[in-house]
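>>> structure for the following, please:
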Amino acid sequence: MHLWKSAMDDEIKSLHDNKTWTLVQNTENRKVIDCKWIYKIKEGAKESDPVRYKARLVAKGFSQKEGLDYNEIFSPVVKFKTIRMLLAVTAFYDLELEQLDVKTAFLNGDLDEKIFMRQPEGYEDKIHKDYVCMLNKSLYGLKQAPRQWYKRFDAFVSKIGFSRSSFDVCLYYASLDECPVYLLLYVDDMLIIDEVNE
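Numbering: from 1, shown residues only. Here you go, the predicted structure:
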C-alpha cells in the first residue's frame, strides 16, 4: 500500500509544482467536476530495471458540456505515412532516432475556460476543505486536454526555430548547425531525428 501512496504523493507534488490549480471558495451555482485516481504498474525496459508504481489524478471529463466547459477538443496526431517516410529517410541517411515520452504533457496546456474540480480525496486542504480547485492548467481526463497541450507545444517549438510542415501539422523541421532535425509529435510521444553527433 505504501508504494501506491508514494506514487500518489509524487503526482500531487508534480501537480502543485506545476501550479495546476488554485484553491477557491465554492459558490452555490458553480459547476464542479469530480476527479479520480488511475493506477498503473510499469515494467522496466530491461529485466534489471525496477517495477514502477504510477498514480495519475484525472478529471472526470465525461461530465463536461460542450459550449459550457469547452469549445473545441480536436488535436492532430502525426500521420502514419509521415512516420514511415521519416523512418525510411533515417535508415537511408543513417540518422539518429530518439523516442521521447513527455512526462505530464497535458499538464502543460493552459486552459481557455474556467474549470472547477473537487479536491482530490485524501489530499484536501486541511484549512479549506470546502474549497474547490480552479484549474490553471489542463488535466488528464478533460475533453480539451490534448488540444491545449498541442497548442502549447506548437507555440514553443515555433518559438525555438522549428517550422511546421504543410504536409503534416505534427511534423516539425529545423536546421541546427546546418544539420536537418525532424520532430514528430503523437499526442505526448515524440520522435526526434537528426544526424549522429560524434
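
>>> from here on, just use CA atoms for contacts and neighbour counts.
OK.

>>> would you map the strands across this structure?
All strands of the chain, identified by DSSP state E, fall at 21-24, 35-42, 52-59, 96-101, 116-117, 132-135, 163-164, 171-176, 179-186, 189-194.

>>> show the pLDDT at residue 64.
pLDDT, residue 64: 79.

>>> so how many other residues sit close to it?
Number of residues near residue 64 (other C-alpha atoms under 10 Å) recorded here: 18.

>>> show me the contacts for it.
Neighbour list for residue 64: 33, 70, 142-143 [criterion: C-alpha atoms under 8 Å, 6 or more residues apart in numbering].

>>> likewise residue 130?
Contacts of residue 130 by C-alpha under 8 Å, 6+ apart are 25-26.

>>> quick one, phi/psi of it?
Taking degrees, to the nearest 10, you get phi -90, psi 0 for the backbone angles of residue 130.

>>> separation between it and residue 105?
Here the criterion is C-alpha to C-alpha, to the nearest Å. By it, residue 130 lies 29 Å from residue 105.

>>> let me have the contacts of residue 64 in JSON lines, adding distance to residue 17 and pLDDT as columns.
Below are these laid out as JSON lines (distance: C-alpha to C-alpha, whole Å; pLDDT from 0 to 100):
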{"residue": "33", "distance to residue 17": "22", "pLDDT": "94"}
{"residue": "70", "distance to residue 17": "25", "pLDDT": "75"}
{"residue": "142", "distance to residue 17": "20", "pLDDT": "92"}
{"residue": "143", "distance to residue 17": "23", "pLDDT": "90"}
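
>>> tell me the one among those residues nearest to residue 11.
Among the contacts of residue 64, residue 142 lies closest to residue 11 (C-alpha to C-alpha), at 16.9 Å.

>>> how about that closest one: what's its closest non-neighbour residue?
Leaving aside its chain neighbours, residue 142 sits nearest to residue 61 (4.4 Å; criterion: C-alpha to C-alpha, 6 or more residues apart in numbering).

>>> right, and the one you found touches residue 145 too?
No - counting by C-alpha atoms under 8 Å, residue 61 does not reach residue 145; the two are 9.6 Å apart.

>>> those two: who's more crowded?
Per other C-alpha under 10 Å, whichever of residue 61 and residue 145 has more neighbours is residue 145, with 24 against 18.

>>> now do the phi/psi pair for the nearest residue to that one once chain neighbours are set aside.
The shortest distance from residue 145 to any non-neighbouring residue, by C-alpha to C-alpha, 6+ apart, is to residue 138 (5.3 Å). Here is the backbone geometry of residue 138 (degrees, to the nearest 10): phi -70, psi 160.
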